[in-house]
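Visitor: Any chance you could fold what I've pasted below:
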Amino acid sequence: MSTSPYSSVPPAGSPSHSEAWALTEAARRIATALEKVASADDLAQPGARRELRDAIRLNWRLWTIFQAELTLETNPVPFDLRQNMLTLCQFVDNHTIVCMSELNPEQIKTLIDINRNIAQGLLEGLNNTLDNAPQNAPNQTQKSQSEEPLPANSGGTLNTNA
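Guide: So this is what the prediction gives:
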């Protein structure tokens, strides 16, 4: 197993898998920075604050990409789901501003939880698609899945093609 941070990047051609990976990776980075701050037990250290803010900013950029994709008329996500996701994007925007200014660990954990829950839903939707695909007929999703099996879950898909 490689120690490269890019070794777990999903293969091209599976937007839901890529989105789930990006959300999980952003959550991991925030959680890691938060753990460092907790172990140092001091948010007054400039390096700890900077690393935590950098991780939160990365997450914010990811959600901005989702928001931009969801507003495209050509986006294949059903209108109701897009509206719900855009509402969540707006919450993440507003909550991120609060997190950046206050650096409150409990508030920051909300961003981690949102990312992990949406990633889980994306993977569940992808697994449901794979489970319902005919065994004989190859499809694009089956061709592009990674060699590692995805967690067995059930849920929706953001499919922003980001």
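
Visitor: Quick check: which element contains the residue nearest in space to the middle of the chain?
Guide: The centroid of the chain falls nearest to Leu23 when counting by CA atoms, centre = their mean (1.4 Å). Secondary structure assigned from DSSP states H and E places Leu23 in helix 15-40.

Visitor: Report the mean per-residue pLDDT for that helix.
Guide: In this model, helix 15-40 has an average pLDDT of 90.

Visitor: now for that helix, which elements pack on it?
Guide: Using 3 or more CB pairs under 8 Å, 6 or more residues apart in numbering; DSSP states H and E, the elements in contact with helix 15-40 are helix 46-70, helix 105-132. Every residue, glycine included, has its C-beta placed from N, CA and C.

Visitor: Now it: buried residues?
Guide: 15-27, 29-31, 33-34, 37 (16 or more other CB atoms under 10 Å).

Visitor: Name all residues that make contact with Ala31.
Guide: Applying CB atoms under 8 Å, 6 or more residues apart in numbering, we find Ala31 in contact with Ile112.

Visitor: What distance do you get for it to Glu25?
Guide: 11 Å (CB to CB, to the nearest Å).

Visitor: Which neighbours do the two have in common?
Guide: With CB under 8 Å, 6+ apart, Ala31 and Glu25 have no common neighbours.

Visitor: Identify the residues contacting stretch 39-56?
Guide: Taking CB under 8 Å, 6+ apart as the rule, stretch 39-56 contacts 26, 29-30, 32-34, 36-37, 96, 99-100, 103, 108, 111.

Visitor: Poorly predicted segments of this structure, please.
Guide: Residue ranges of the chain with pLDDT under 70: 1-11, 13, 40-44, 130, 133-162.

Visitor: can you rerun that using 50?
Guide: The chain contains residues with pLDDT under 50 at 1-7, 137-157, 159-162.

Visitor: still on that earlier bit, pretty sure the residue nearest to the centre of the chain contacts Leu122?
Guide: Yes - contact status for Leu23 versus Leu122: in contact at 7.4 Å, counting by CB atoms under 8 Å.

Visitor: Leu103: how many residues sit nearby?
Guide: When neighbours are counted by other CB atoms under 10 Å, Leu103 registers 17.

Visitor: just to revisit the earlier point, need the contact list for the residue nearest to the centre of the chain.
Guide: Counting by CB under 8 Å, 6+ apart, Leu23 has contacts Leu62, Asn115, Arg116, Ile118, Ala119, Leu122.
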